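Chemist: I would like to see how this sequence folds:
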Amino acid sequence: MKKPLAEFVGTFTLVLFGCGAAVLAGGDIGLTGISFAFGLALIAMAYGIGPVSGCHINPAVTLGVVAAGRMEMKDAIPYMIAQVAGGVAGALVLLLIASGKADYTVAGNGLGQNGWGTGYLGEYAMVAAFIFEVVATFLFVVVILGATGSTAPAAMAGLAIGLTLVVIHLVGINVTGVSVNPARSVGPALFVGGTALAQLWLFIVAPVIGGVAAGFVFRKGLLDPTEADA
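Modeler: Numbering: from 1, shown residues only. Next up, the predicted model:
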């Protein structure tokens, strides 16, 4: 149970501090601050729980690792259950904290949920949102698989992965709020409901496509230095 518990704690932390930065401090720290909050939370967890579970804290990453042949699906399922549970728990705690402010409402202030279209941040179209999430997740998982390979310097993996998440947020917050992680999206959407819940499918499907595609690239040895050239 150590590994699923670590994944629960890691995803809980990512959602609480990442989405929390948007909900509780977004007006003060802006998009750059929110971007760094997500990245720094991931860096912290990479070094905190990485030695226990590998710090996937993201079903798209876990499925990418499976697709790369580095993990069995039977081991991945408990990871993904724990990740979603951690995301929901993190969103719940954030909601309880945010509700302590008299003028906070879920409908008015949100919970850091992802979305697209009219009324959502940059009001990008669904196709743009889908493309961004697929491509960003693909690149994110490429970095993760590369940085955690047997020939990569292990001490730098967490920093490289966390900074990649920062860059992804700097580019994509106005497009979708940035998911690249179904568990990060499920938690806030469940409590916000409405449009956030109706649009949740994209933030499950697109990251999974991107993550699995990255895994297959590594499985074929196209980007994996430990594999012989095809």
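
Chemist: which of the residues in the worst-scoring helix or strand of the chain on mean pLDDT are buried?
Modeler: Within the chain, judged by mean pLDDT, DSSP states H and E, the helix or strand with the poorest mean is helix 106-109; its value is a mean of 94. Applying a neighbour-count criterion of 16 or more other CB atoms under 10 Å, the buried positions in helix 106-109 are 106, 109. Backbone N, C-alpha and C define where each C-beta goes, glycine included.

Chemist: do stretch 107-121 as well
Modeler: Along stretch 107-121, these residues count as buried under the neighbour rule (16+ other CB under 10 Å): 109-116, 120-121.

Chemist: what separates it from the chain centre, distance-wise?
Modeler: Using CA atoms, centre = their mean, to the nearest Å, the mean C-alpha position of stretch 107-121 is found 17 Å from that of the whole chain.

Chemist: find the nearest non-adjacent residue to Ala25, please.
Modeler: Distances taken as CB to CB, 6 or more residues apart in numbering put Gly33 closest to Ala25, at 6.9 Å, once the chain neighbours are dropped.

Chemist: and Ile173, by the same measure?
Modeler: Distances taken as CB to CB, 6+ apart put Leu31 closest to Ile173, at 5.1 Å, once the chain neighbours are dropped.

Chemist: same question for Leu145.
Modeler: Using CB to CB, 6+ apart and skipping the chain neighbours, the partner closest in space to Leu145 is Phe218 (4.8 Å).

Chemist: which of the helices or strands spans the one you found?
Modeler: Under the assignment given by DSSP states H and E, the secondary-structure element containing Phe218 is helix 202-219.

Chemist: helices or strands up against that helix?
Modeler: With contacts defined as 3 or more CB pairs under 8 Å, 6 or more residues apart in numbering; DSSP states H and E, the packing partners of helix 202-219 are helix 59-67, helix 126-147, helix 182-192.

Chemist: so the residue nearest to Ala25 makes contact with Ala21?
Modeler: Yes: when contacts are counted by CB atoms under 8 Å, Gly33 is listed as touching Ala21 (6.3 Å).

Chemist: where in the protein is pLDDT low?
Modeler: Applying pLDDT under 70 to the predicted model, the residue ranges of the chain that meet it are 224-230.

Chemist: in it, where's the longest helix?
Modeler: Assignment by DSSP state H gives helix 2-53 as the longest helix of the chain.

Chemist: next, the angle from that helix to helix 182-192.
Modeler: Interaxial angle, helix 2-53 versus helix 182-192 (axes from the mean of the first three to the mean of the last three CA atoms, to 10 degrees): 130 degrees.

Chemist: just checking, what packs against helix 2-53?
Modeler: Identification of packing neighbours for helix 2-53 by 3+ CB pairs under 8 Å, 6+ apart yields helix 73-98, helix 157-176, helix 182-192.

Chemist: check the offset of it from the chain's centre.
Modeler: 9 Å.

Chemist: and what of stretch 86-93?
Modeler: A distance of 13 Å separates the C-alpha centroid of stretch 86-93 from that of its chain, computed with CA atoms, centre = their mean.

Chemist: buried ones in that stretch?
Modeler: Here stretch 86-93 shows 86-92 as buried, counting by 16+ other CB under 10 Å.

Chemist: the buried residues of stretch 107-121: which two are farthest apart?
Modeler: By the measure CB to CB, Asn109 and Trp116 form the most distant pair in those, at 18.8 Å.

Chemist: let's check: the centremost residue of the chain is which one?
Modeler: The structure's the chain has its C-alpha centroid closest to Asn181; by CA atoms, centre = their mean the separation is 3.3 Å.

Chemist: now that one: closest residue in space, sequence neighbours ignored.
Modeler: The shortest distance from Asn181 to any non-neighbouring residue, by CB to CB, 6+ apart, is to Asn58 (4.2 Å).

Chemist: okay then, goodbye and thanks.
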